[in-house]
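[1] return a 3D structure for these sequence lines:
(one chain, ligands or ions: 1)
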Amino acid sequence: MAAITMNHIVKKYGDGFPAVNDISIDVADGEFMILVGPSGCGKSTLLRMIVGLEDITSGDMMIGDRRVNDLAPRDRNLAMVFQNYALYPHLTVYENIAFPLRLAKVPDDELDKLVRDAASTLELDEHLDRKPGNLSGGQRQRVAMGRAIVRQSDAFLFDEPLSNLDAKLRGQMRTEIARLQKRLGITTVYVTHDQTEAMTLGDRVAVLKRGVLQQLATPRELYENPGNLFVAGFIGSPPMNFLPATVKGSTVELPFGSVEIPAEKAEAAAGHGLLIAGIRPEHFEDASVASSSGRTGSTFSTKVDAVEWLGNETYAYIPFEAPDEVRAQLQQLEKDLDGEGLRTQLVVSLDGSSRIAEGQDAEIWVDGRRIHLFDPSTGENLT
Ligand code: ATP
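    So this is what the prediction gives:
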């Protein structure tokens, strides 16, 4: 196993805008690193440069202490697990796992031991005589990983391995990959556009936008302290609400009223004029069922436009006006996030016990400690 170090990596196709623009990421030995971002952000290109399927325009790619920029893929000792698993349909599980060892002319008795050890680790012992066509998606994935294990690769690289599966199987496979990676302790880089996969699998997550690294942090850090508007909007479901805001003393003025915020947030955002506030739907509560005493925040009265009850939670939709000064920024942000245009309704996620109803007045409490304030021109999170 080995660490992977990307040092100021740039990739230009032709003379266009760089697909990967000066990215530096250190993947620690044994770490599970996620590369995530919307379509075209450069995540696959970056992975392909690690594995050697794409030339590096500039920068250094290190595996352990070897600079691999000019090494052929087969000499990098990495195992790429593709979306379709690339198994040989006419070979048994045993022969599929043994394949790289046969290529390397490993003697039969040693090969047999390596294959059986890998199969046992992956709980495939009972399926060694089967062909891939007779396996479940999960088992096929394990065979593909078995092939990587017998080669004693330095790292696993995954490119959207679950994107063709239905939601249920995707969930199962996600758990399985996480479990195996922990057990094997093998350095892993995993590309996805799915923020749920990113949040549940990654030790750390690198969020990319148009070839530029936006933030590299643990899933919790990304959720709690997103560095900019893009990361804030990308991580979380339903997505964070963005609203025009101005700070006055220790409160922030929002379209639906003023909200008390902690002093340090108010200080960090002071003197900035019109800002963009970010509030996650889950950081609102129905004031009629929740007690907010002793917590920093405020209750506001509003009319609710629409309500969706999901059993365990209730979504309420509340329209607001976005002033001209921040419209352009918010519109661009939605475009970057592959959204459907400017959102001018607040989405509030309440406990399922809420009796909030469409067209009626409601008392909503908002948690002032969880409000983020962003500079509209740079997108930076000031708080
Ligand atoms: P997706 O999720 O859609 O696969 P991605 O984030 O993996 O997207 P890349 O495939 O890495 O993005 O592409 C990054 C940018 O580089 C895109 O703008 C893409 O059009 C461009 N690109 C990728 N491959 C090539 C190529 N062979 N020639 C020219 N441009 C390319």
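
[2] mind listing the helices for this structure?
    Under the criterion DSSP state H, the chain contains helices at 43-51, 93-103, 108-121, 137-150, 167-184, 195-201, 219-224, 229-234, 263-269, 324-336.

[3] buried deepest among these, which one?
    helix 229-234 (a mean of 25; mean count of other C-beta atoms under 10 Å). For glycine as for every other residue, the C-beta is placed from the backbone atoms N, C-alpha and C.

[4] give me the contacts around that one.
    36-38, 195, 207, 209, 214-215, 222, 226, 239-240, 242, 276, 278, 329, 333-334, 336-337, 339, 372, 374, 379, 381 (C-beta atoms under 8 Å, 6 or more residues apart in numbering).

[5] out of those residues, which touch the ligand?
    Contacts with the ligand within the contacts of helix 229-234, counted by C-beta under 6 Å from any ligand atom: Gly37.

[6] go through the contacts of helix 229-234 and flag which are in strands.
    Residues of the contacts of helix 229-234 located in strands (DSSP state E): 36, 207, 209, 214-215, 242, 276, 278, 372, 374.

[7] between which two of these is the distance greatest?
    Val36 and Ile276 (22.4 Å; C-beta to C-beta).

[8] what about the nearest residue to Gly185 once chain neighbours are set aside, how many residues nearby?
    Closest residue in space to Gly185, ignoring its immediate chain neighbours: Gly30 at 4.6 Å, by C-beta to C-beta, 6 or more residues apart in numbering. Residues lying near Gly30 (other C-beta atoms under 10 Å) number 17.

[9] ditto for Asp338
    When counting by other C-beta under 10 Å, one arrives at 11 neighbours for Asp338.

[10] quick one, grab the pLDDT at it.
    In this model, Asp338 is scored at 82, pLDDT.

[11] sorry, back to before: what residues are up against the residue nearest to Gly185?
    1, 185-187.

[12] kindly report the same for Leu47.
    Here Leu47 is in contact with 35, 157, 159, 189, 191 (criterion: C-beta under 8 Å, 6+ apart).

[13] can you tell me which of these is closest to the ligand?
    Checking the contacts of Leu47 against the ligand by C-beta to the nearest ligand atom gives Val191 as the nearest, at 6.5 Å.

[14] bridge partners for the closest one, pull those for me.
    Here Val191 sits in beta bridges with Leu35, Asp159, as judged by DSSP bridges.

[15] that one touches Phe156, doesn't it?
    No - at 11.7 Å, Val191 does not count as touching Phe156 under the criterion of C-beta atoms under 8 Å.

[16] the domain parsing of the protein - what is it?
    Here the domain parsing of the chain from automatic domain parsing is 4-229, 239-374.

[17] up against the ligand, what does this protein have?
    Checking the chain against the ligand by C-beta under 6 Å from any ligand atom, the hits are 13, 19, 37, 39-45, 193.

[18] show me how to select, in PyMOL, the buried members of these.
    In PyMOL, a selection of the buried entries from the residues of the chain next to the ligand looks like this (16 or more other C-beta atoms under 10 Å):
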select buried, resi 19+37+41+42+43+44+45+193
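
[19] low-confidence regions, the chain specifically.
    82-85, 292 (pLDDT under 70).

[20] what about stretch 335-355, distance to the chain center?
    Chain-centre distance of stretch 335-355: 19 Å, with C-alpha atoms, centre = their mean, to the nearest Å.

[21] buried residues in that stretch?
    For stretch 335-355, burial by neighbour count (16+ other C-beta under 10 Å) applies to 336-337, 342-343, 346-350, 354.

[22] before we move on, the earlier item: ok, so of the contacts of Gly30, who is nearest Asn96?
    Nearest to Asn96 out of the contacts of Gly30 is Ile186 (C-beta to C-beta; 19.0 Å).

[23] surely that closest one is in contact with Ala155?
    Yes - the criterion here is C-beta under 8 Å, and Ile186 meets it with Ala155 at 6.5 Å.

[24] what's the overlap in contacts for those two?
    With contacts taken as C-beta under 8 Å, 6+ apart, the residues that reach both Ile186 and Ala155 are Met1.

[25] who's more crowded, the two?
    Using other C-beta under 10 Å as the criterion, Ile186 and Ala155 rank with Ala155 on top: 27 against 23.

[26] now that one: closest residue in space that isn't a chain neighbour?
    Nearest non-adjacent residue to Ala155, counting by C-beta to C-beta, 6+ apart: Thr187, 4.0 Å away.

[27] again with Leu180
    Met145 (6.3 Å).

[28] would you confirm that the one you found contacts Phe156?
    Yes - at 7.1 Å, Met145 and Phe156 qualify as touching, with contact defined as C-beta under 8 Å.

[29] identify the contacts common to those two.
    Contact criterion C-beta under 8 Å, 6+ apart; residues shared by Met145 and Phe156: 79, 81.

[30] the residue nearest to Ala155 and Thr296, how far apart?
    Going from Thr187 to Thr296 by C-beta to C-beta, to the nearest Å gives 42 Å.

[31] so these two - more neighbours on which side?
    Between Thr187 and Thr296, counted using other C-beta under 10 Å, Thr187 has the larger neighbour count: 25 against 17.

[32] which residues does whichever residue of the stretch 101-250 of the chain sits closest to the ligand contact?
    Nearest residue of the stretch 101-250 of the chain to the ligand (C-beta to the nearest ligand atom) works out as His193 at 5.0 Å. Counting by C-beta under 8 Å, 6+ apart, His193 touches 36-39, 43, 160, 163.

[33] for Leu213, list each beta-bridge partner.
    Under the criterion used (DSSP bridges), Leu213 bridges to Leu208.
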